[in-house]
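Q: Next one to model:
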Amino acid sequence: MNALWENLSSDFLPRFLAGMAVNFEIAAIALIIGLALGLLLAAGRLAGGVFTAITVSIIALMRAAPTFVVMFFLLNAIPRDATLFGVPFALSGVMTVALSLVPYSAAYVADAGVDAIRHLRAGATHGALLFLPNVTRAFFVMVMSSSAGAAIGVTEGITVILRQAEQLANFNDRLVLFAIGIVLFGIPLQAGFMLMSLFQRRFGRSTVEEEASA
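A: Numbering: from 1, shown residues only. Sure thing, here's the model as predicted:
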């Protein structure tokens with residue numbers, strides 16, 4: 001272990017933490033866009049008639065869209081010198097990865113939004129509040145999924161680990177480095193999942209009591 005630390009770049013930890021911040025940034029952008037689009041889809045799904053049929057089809061398509069496929073489509077479909085009304089419109093690597101996660105984000109928000117709206121209509125406020133931990137769970141899932149950015153050169157946490165691993169000659173040191181990366185990513189993510197599970201259990205019990213007294 002001591003030999004590994006000696007072989008690591010002196011700025012590895014700061015670069016890795018900065019890379020993790022990029023992972024969270026990508027997930028935040030995808031969630032914000034997904035919230036706006038997903039809530040519109042949720043409203044359309046509950047509108048009835050042809051709107052429901054169209055919206056259900058859109059949500060199903062977005063749910064099935066592979067992140068890698070969407071990412072490489074965006075990367076190749078939009079030219080580097082693209083402009084919109086004379087304004088440069090080329091996507092950065094971060095935005096490309098974030099937009100590739102929007103189909104998942106919007107579909108997840110739409111599903112959770114439908115349940116929340118139905119709870120509100122039934123007068124179950126606590127049930128509607130389950131929307132918050134559900135969406136937060138989606139955020140943490142997208143933090144993990146944002147590591148797809150390594151495939152197109154986005155300097156996020158996994159990219160930093162891979163570049164550092166290339167500088168290590170010893171195979172065992174590389175394995176240890178990957179294990180350290182898993183732990184460093186796992187601590188905040190698992191803490192977030194545990195917190196959301198606590199909220200869900202609390203609101204879930206309150207929802208049952210609320211519905212029973214209705």
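Q: before we move on, what SS does the residue nearest the centre of the chain have?
A: Residue closest to the mean C-alpha point of the chain, counted by Cα atoms, centre = their mean, is Met142 at 1.7 Å. Classification of Met142 using DSSP: H, G, I helix; E, B strand; the rest coil returns helix.
Q: Quick check: it touching Ser105?
A: Yes: the criterion here is Cβ atoms under 8 Å, and Met142 meets it with Ser105 at 6.4 Å. No exception for glycine: its C-beta is placed from N, CA and C like everyone else's.
Q: Tell me how far the residue nearest to the centre of the chain lies from Ala18.
A: With the distance defined as Cβ to Cβ, to the nearest Å, Met142 ends up 19 Å from Ala18.
Q: which residues does Leu61 contact?
A: By Cβ atoms under 8 Å, 6 or more residues apart in numbering, the contact list for Leu61 reads Pro103.
Q: which SS state does it fall under?
A: helix.
Q: Excluding chain neighbours, what is closest to the residue nearest to the centre of the chain?
A: Ala27 (3.9 Å; Cβ to Cβ, 6 or more residues apart in numbering).
Q: Any figure for the gap between the one you found and Val50?
A: With Cβ to Cβ as the criterion, Ala27 and Val50 are 34 Å apart.
Q: which one of those two has more residues nearby?
A: Ala27 (24 against 9; other Cβ atoms under 10 Å).
Q: tell me which residues in the helix or strand hosting the more buried one are buried?
A: Here Ala27 sits within helix 12-45, counting by DSSP states H and E. Residues of helix 12-45 classed as buried: 12, 15-16, 19-20, 22-27, 29-31, 33-35, 37-39, 41-42, 44-45 (neighbour count, 16 or more other Cβ atoms under 10 Å).
Q: what does stretch 172-184 give?
A: 173-174, 176-177, 180-181, 184.
Q: List the residues that contact the residue nearest to the centre of the chain.
A: So Met142 contacts 26-27, 30-31, 101, 104-105 (Cβ under 8 Å, 6+ apart).
Q: pLDDT weak spots in the chain?
A: Residue ranges of the chain with pLDDT under 70: 1-7, 80-88, 203-214.
Q: isn't there a helix covering Gly181?
A: Yes: counting by three-state DSSP, Gly181 is located in a helix.
Q: Can you give me every residue that contacts the closest residue to it other than its chain neighbours?
A: In this structure, Gly181 finds its nearest non-sequential neighbour in Ile161, 4.3 Å apart by Cβ to Cβ, 6+ apart. Counting by Cβ under 8 Å, 6+ apart, Ile161 touches 16, 177-178, 181.
Q: Buried residues, the helix or strand harbouring Ile161. List them.
A: Assigned by DSSP H and E, Ile161 belongs to helix 157-166. Of the residues in helix 157-166, 157-161, 164 count as buried by neighbour count, 16+ other Cβ under 10 Å.
Q: One more: stretch 111-130?
A: Buried residues in stretch 111-130 (16+ other Cβ under 10 Å): 111-114, 116-117, 119, 124, 126-130.
Q: how far away is the residue nearest to Met142 from Pro66?
A: Per Cβ to Cβ, Ala27 is found 18 Å from Pro66.
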